[in-house]
Each structure stands twice: as structure tokens, then as C-alpha cells.
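S.K.: Only the shape, not the letters, is given here:
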């Protein structure tokens, strides 16, 4: 028999934190001296140092975005510590990772997941990767999965990185992209050579332990032609009373007839400002599949963007957002159809409860050359009580007559009759509501990696119990 | 025969309007009672009120089930006590399979884990009895089911959950002749093999064909206006309700 007597979401798995034993951290606030300091510490190549400083310049000159989304007034940039280095260098043997950091990831199930079902794992603690490992047979196929810093110093990849780094998301994109360019640290570099199909996924896990810190990891993935990769990204942080900032950046390059599946589960603690920028560009016949679960953070701005740049390229976006008390999650996606016969399928669900606000925001742009384009956007929202809010803001911009573009939105509440129906079979009201919500999210949760799908189901049950009575 | 259900002077209000104006009814253990009455008499309201639908407020009177006053209990507690309601219009619930739902309900009712292997065997057997395609077990609860399939799924739940008292609300409505026969056979298994107690709300006699009826009641304008034996069903089908309505 299921027991669900928990008052609110059980964050004990995430909320533990360890004393900050970082070996080095920069002063609060942001100056050229600080950026230079980061650059020195990281032993950047000269082009990167210049790039960082140019980004700082852009950051200082650009305005905060106009007031179109959730407020980020609680974020005091002068008090966000940009670079916190854990007291260890990167290890490729789990045994050598310091105990407190190791325990953190053990609790989150990371090494276990690696043993069971992953081809490679990267674990980032605060600003730096502390562990990175790839299975031998994967490396033998020529697949590169490492941290960006070492790759920059490896002559085989240095040029590739210089050619791709922040080309898809330029620092002029918005203020936080510029900030990211100036202070980025950690993250992953993945390269899949032509013709290589990686059947088992690679996974990165980001963990922010330090208080009042920012995490600015950069993920750069290049999938060559006729290749396949599934990359999983998980994020969490313990709860502090000061605001933390996550302004990561993800750039994905998908080659001809290749497919990249990018899954993210974000469960930051509820003091986090999650201002993440993700973008993919897809070549002829290629496919980008996004799977995106947003459960944590205080405020999120998250709209992974797909640029369908080659003929017949495709994008599938599957997303779920769960906004509880004190959360304002503004999520969605953007697709640019930039070549003929491209297609995009967007399917999202959002749930809001206890005063949480969930906004779905999407934009589909069909350029004049994108003849024969197909696009379908569907978003469904469920509000669990009258204190919660859900908005849908879809935008469609079609510049050719030869396109088939559809949009469907549904916003609803849990039907009392459905709850009664389940209760009439002996199921408690709390469990009945949780079953209905899980059922609502089912076709999205099926897309999540298994351990996360299980976690999401637990999350819904725990979140739901607090709403009854 | 010992008493299973006793309804005393039940007054029920829905959306601010009183629909039942004092209903009295007694059902003995193992008995089958038929409740008939013109449209709008309050038959479904009685079913919902017995099961504990929050929209149907009991303003006066009481419901005693196996000697226990359940008037104030919520629907899940009543189901755990042993009540069951077969819905006239079963609801569609996406994302929960029919079989998972039944297994979950069984565990909630008994408080014990139901072993998967035993469960699969049992549900396969009952589905065969009801002439149901086994594939329906894995389909989402009632989603895209035809009217007949939904009613069969209700009777499947009845046979699997094996309640003490089942209230069947218009289980035969919208069914073709074959489906009515199958459903009627399913109910008869509950009646004969499981010694179940039944309150059948119906318009027609077809569903009663394979069943033994003990008593018949006529509900009109929110009150029981006549009580009789099994012969009363045929009599009403021939002459209608006119003589019971003032």
C-alpha cells in the first residue's frame, strides 16, 4: 500500500550541503581584474582571454532585457561569486575525488548510473569538473568527451573549439550570454566522429554547492555527419537563503543525417535564478530532439532554440514544467525554419500549484526559403488550485505560403468527477489527484531517462500531497 | 437475512436544490434490489449520495452499511468499507492503464500488496468471461473506449474488486443486445458465485434476464413510492410508471 504522508516535496536528497572548502574564489562583483584572474587561473589561451574581456565589455554596455518575463530583481549581480574552484583537480578515477564531493554525487546516484547505463560521465561541482570518465570502447571509436578547458589545450581540438565557441550563442545575444562569455567555467566538450552511433548515453551532472555563487558551465557538442548521440544533463543545488545564479550555455552542432537527443532534468533549489541559453543548429537531414524537464529554481527563463539550417532537417521538443510555491517558470522553445522541407514538433505540458506560475512561451519562424515546412506546436497546462497561474504565449511568424503550421493550446483544472471516480474505487483523494496529474504528464515523462521518470513521478506524488485539505 | 444497507429518511441536495426528499430503503445481505423510476426522479442522485460524491450533500437522514454509520465518510472510505458504484458514464483518465488502476484499487481497498502474477491470471480470466479483448488491460482507463467497452470495464472492476454491495447505475444503457447479455452474465457471477449484494438502477428488463431479483422499488420525485417483488419489474415495463405518480 502506498503511503504518501509527506507535507511538501522532500528535498533532503538535494538540500544537504557541505562546508565550502574551495581552494580559491574570486571577490564578489565583476571587473576586468576579476576576469583576468579567472583567465590566469584557468590558463586560457590568449584568444580566450581576449574573448572574455570583450564579453565583459558587452556585459557592461548592455541593458537588462525589457520587462517581459518574471522579475529578476532579487538577483544582485555584485553579490554573485562568479568563480569558485573546488579543492581538487579533475580526476578520472572516482576513488581519488575528495570525500565530501564524492558523497554528494553518490547521494545523487551519479557513479551508480554510470556503472549501469552510461557510456561516460562528467560531474561538475561548483565551477569546475571534478570527475570525467568515458568507457574505453567509446573512446576507441574516436568519441571525445572531456572538459572544455583541457580540450582547448589539446592541439587536436583547439581549433575546432575556437571555431565553434559562442558562435551559435554570441555574447551580444543578451546580457547574461555576455556574462557567461566573460566568466564561463567548466562544462563539457563532446565530439562524435562521422558515422559513429553511440547507443548508450553520455551524462553530465552539475552541482552547485557554494552559497551565493553562479554556475556558468559551457557545453559544446559537435556531432559529425551520419552519427548519433544521446546526451543527458542533470542539475541540482542545495537551498540557501541568498540567490544563486545559473547562466550556462549549451551549443549543439548536428551534422548531415545525424541525430542528437539532448535530455535535461533541472531540479535546482528554489533560490536559483536559472537563466540558461541553449541552441542547436541542424544540417541537412539531421535531427535535434530536446527533452526538457524543469522542476526546480525560483525563476527560470529557458527556451532551447533550434535552427533548422539544412534541407529536410527536423526538431522535436518535448518539455514538462512543474511550478510550485514561490516559483515562476517561464519556459518554452524557439524554432527557426531556414531551409526547405524542414519540420518541427513541439509538445509540452505544464503544471502549476500552490501559487506557482508557469508560462509557456514559443516562437516558430518560417523563413521565405523554407518551402514545404511542417510545424506543429501543442501545449497543455494543468492548474491544481485557484492560487496558481498558467499562461501560454505562442508566436508564429510565417514568411512563405507553402508551409503547414499548426498550434494547439489547452489549459485546464482537475475534474472533480474524475477524482470522485477514482475515490469510489478506494483510492484516497491525494492519491487520486496525483494519479490524474501523473497521467497528464505521462506522455512526456515516458521520454525522460528512466531514473528521472521515476523521480518525476515521486516528485508529483510528494508535491501533490501538500495540496489536499 | 442480515441487513447490509439501511437508508433512513435520506435528504440530498445538489447545487442548492433538494433532489431526494426522504428516502428509506433496506437491503439484506446477498439480496438483489431493482430501483426503477421515471427520468429525473433522483435515481442517479441516490447512487452518487450512497457512494459519497461531494457534490451531493446529505442534509438529513443516515446511511448505515453493515451496522456502521457511513453518512459522513468520504468515497474512498466507503469503497474500503465495501461499497461499489458502477458509473452510468465512466470517466476517461489518460495515463493510467485499466489493469494498473484495478490493481491499485485492490491494494488500496485491502491494504495489502497484490502479487502481479496472481493478478494477471485473475484479470485475464474475468476479461474472458466478459468477452473483452485482453489488449484493453493495458489501455488508458476508458480513454477511447466505446460505450459498451466502458460498461464492460466497470463490470470487470466489480468482479476484480469484489465489493460487499454494488450499486449499478444504468449499466445497460447504450448497449447492444449481445453486450447486455455479456454484462448481465458478469453481474450474475457476482451475484451467485460471490454472494454479492446488488442495487440495480435500470430502465429495462434485459439486464435482469440472468439475475435473480428479490425486491423492486419505484422512486418518483425524490421519494420511494412503491415497493414490490420481482414481478413488479415486468408490470412496470408493461404499464409504465403512471399509477405511481400522483
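M.R.: Ah, there it is. None of these values were measured; they are calculated from a predicted model. Numbering: from 1, shown residues only, chains lettered A, B, ... in the order given.
S.K.: Report the closest residue of chain B relative to chain A.
M.R.: Among the residues of chain B, residue B:95 lies closest to chain A, at 2.5 Å counting by CB to the nearest CB. The C-beta positions use only the backbone N, C-alpha and C, and glycine is treated the same way.
S.K.: give the contact list for that residue.
M.R.: Residue B:95 sits next to A:438, A:439, A:440, A:441, A:442, A:443, B:140 when contact means CB atoms under 8 Å, 6 or more residues apart in numbering or on different chains.
S.K.: So which of those residues belong to strands?
M.R.: Secondary structure from DSSP state E places residue B:140 of the contacts of residue B:95 in strands.
S.K.: The contacts of residue B:95: which two are farthest apart?
M.R.: The largest separation in those, counting by CB to CB, is between A:441 and B:140 at 13.3 Å.
S.K.: Between the two, tell me which one has more neighbours.
M.R.: Neighbour count, other CB atoms under 10 Å in any protein chain shown: between residue A:441 and residue B:140, residue A:441 has more, with 25 against 19.
S.K.: contacting residues around that one?
M.R.: By CB under 8 Å, 6+ apart, the contact set of residue A:441 is A:320, A:349, A:351, A:456, A:460, B:95.
S.K.: Going by distance to residue A:298, which of those wins?
M.R.: Nearest member of the contacts of residue A:441 to residue A:298, counting by CB to CB, is residue A:351, at 17.1 Å.
S.K.: what's the neighbour count on residue A:293?
M.R.: Considering only other CB under 10 Å, residue A:293 is surrounded by 28 other residues.
S.K.: just to confirm, which helix or strand has it in it?
M.R.: Following DSSP states H and E, the helix or strand that holds residue A:293 is strand A:287-294.
S.K.: packing partners for the helix or strand following that strand?
M.R.: As assigned by DSSP H and E, the chain's next helix or strand after strand A:287-294 is strand A:299-302. Secondary-structure packing of strand A:299-302 (3 or more CB pairs under 8 Å, 6 or more residues apart in numbering or on different chains; DSSP states H and E): strand A:272-275, strand A:287-294, strand A:328-337.
S.K.: can you redo those as JSON lines with distance to chain B?
M.R.: Below are those laid out as JSON lines (distance: least, CB to the nearest CB, whole Å):
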{"stretch": "strand A:272-275", "distance to chain B": "27"}
{"stretch": "strand A:287-294", "distance to chain B": "16"}
{"stretch": "strand A:328-337", "distance to chain B": "21"}
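S.K.: need those strands in CSV with mean pLDDT and distance to residue A:179, can you?
M.R.: Listed next are the helices and strands packed on strand A:299-302 as CSV, based on pLDDT from 0 to 100; distance: least, CB to CB, whole Å:
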stretch, mean pLDDT, distance to residue A:179
strand A:272-275, 89, 9
strand A:287-294, 94, 21
strand A:328-337, 97, 19
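S.K.: For chain B, just list every one of the helices.
M.R.: Using DSSP state H, the helices of chain B run over residues B:43-51, B:75-81, B:98-110, B:116-129, B:147-161, B:177-192, B:231-239.
S.K.: Would you mark the buried spots in the strand holding residue A:293?
M.R.: Neighbour-count burial for strand A:287-294, counted by 16 or more other CB atoms under 10 Å in any protein chain shown, picks out A:287, A:288, A:289, A:290, A:291, A:292, A:293, A:294.
S.K.: cool, and stretch A:46-66?
M.R.: By 16+ other CB under 10 Å, the buried positions in stretch A:46-66 come out as A:48, A:49, A:51, A:52, A:55, A:56, A:58, A:59, A:62.
S.K.: Now, the residues you listed that are in helices?
M.R.: Of the positions in these, A:48, A:49, A:51, A:52, A:55, A:56, A:58, A:59 sit in helices, assigned by DSSP H.
S.K.: looking at it, the third one is touching residue A:181, isn't it?
M.R.: Yes. Using CB atoms under 8 Å, residue A:51 is in contact with residue A:181, at 6.6 Å.
S.K.: Find residues that contact each of those two.
M.R.: residue A:166.
S.K.: Rebuild the buried residues of strand A:287-294 as CSV, extending it with distance to residue A:393.
M.R.: Listed next are these as CSV, based on distance: CB to CB, whole Å:
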residue, distance to residue A:393
A:287, 26
A:288, 23
A:289, 23
A:290, 19
A:291, 22
A:292, 17
A:293, 20
A:294, 16
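S.K.: Buried residues in the helix or strand of chain B with the lowest mean pLDDT, which are they?
M.R.: Here the helix or strand of chain B ranked lowest by mean pLDDT, DSSP states H and E is helix B:231-239, holding a mean of 88. Buried residues in helix B:231-239, counting neighbours by 16+ other CB under 10 Å, are found at B:232, B:233, B:236.
S.K.: can you tell me which residues contact the closest residue to residue B:190 other than its chain neighbours?
M.R.: Nearest non-adjacent residue to residue B:190, counting by CB to CB, 6 or more residues apart in numbering or on different chains: residue B:196, 4.2 Å away. Contacts for residue B:196 (CB under 8 Å, 6+ apart) come out as B:30, B:162, B:163, B:164, B:165, B:166, B:190.
S.K.: mind giving me CSV with those residues and columns for pLDDT and neighbour count?
M.R.: Formatted as CSV, the contacts of residue B:196 follow (pLDDT from 0 to 100; neighbours: other CB atoms under 10 Å in any protein chain shown):
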residue, pLDDT, neighbour count
B:30, 94, 17
B:162, 94, 16
B:163, 96, 23
B:164, 95, 17
B:165, 97, 22
B:166, 97, 28
B:190, 95, 22
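S.K.: so of those, which ones are in strands?
M.R.: Those of the contacts of residue B:196 mapping onto strands are B:165, B:166, per DSSP E.
S.K.: Redo the contacts of residue B:196 as CSV? Include distance to residue A:422.
M.R.: Formatted as CSV, those follow (distance: CB to CB, whole Å):
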residue, distance to residue A:422
B:30, 28
B:162, 18
B:163, 15
B:164, 20
B:165, 19
B:166, 17
B:190, 21
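S.K.: residues near residue A:262, how many?
M.R.: Neighbours around residue A:262, by other CB under 10 Å: 22.
S.K.: Then residue B:221?
M.R.: Residue B:221 has 16 neighbouring residues, counting by other CB under 10 Å.
S.K.: again with residue A:376
M.R.: 15.
S.K.: Among the contacts of residue A:441, which one sits closest to residue B:3?
M.R.: So of these, ranked by how close each gets to residue B:3 (CB to CB), first place is residue B:95, at 40.8 Å.
S.K.: Next, format the ones in helices among the buried residues of stretch A:46-66 as TSV and append pLDDT and distance to chain B.
M.R.: Formatted as TSV, those follow (pLDDT from 0 to 100; distance: CB to the nearest CB, whole Å):
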residue	pLDDT	distance to chain B
A:48	95	48
A:49	96	52
A:51	96	47
A:52	95	47
A:55	95	45
A:56	92	48
A:58	93	46
A:59	90	45
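S.K.: ok, so of these, who is nearest residue B:34?
M.R.: For those, the nearest to residue B:34 is residue A:59 (78.9 Å; CB to CB).
S.K.: and the closest residue to the closest one other than its chain neighbours, which of the three is it?
M.R.: Using CB to CB, 6+ apart and skipping the chain neighbours, the partner closest in space to residue A:59 is residue A:178 (3.8 Å). What DSSP: H, G, I helix; E, B strand; the rest coil gives for residue A:178 is helix.
S.K.: For residue A:178, which residues are in contact?
M.R.: By CB under 8 Å, 6+ apart, the neighbours of residue A:178 are A:55, A:56, A:58, A:59, A:62, A:171, A:172.
S.K.: So for it, what's the pLDDT?
M.R.: Residue A:178 carries a pLDDT score of 94 in this model.
S.K.: What of the one 5 residues further on?
M.R.: In the predicted model, residue A:183 carries a pLDDT score of 89.
S.K.: Do I have it right that residue A:302 meets residue A:328?
M.R.: No. At 12.0 Å, residue A:302 does not count as touching residue A:328 under the criterion of CB under 8 Å.
S.K.: could the buried residues of helix B:231-239 be laid out in a markdown table, adding distance to residue B:48?
M.R.: Output for those, formatted as a markdown table (distance: CB to CB, whole Å):
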| residue | distance to residue B:48 |
| --- | --- |
| B:232 | 24 |
| B:233 | 23 |
| B:236 | 23 |
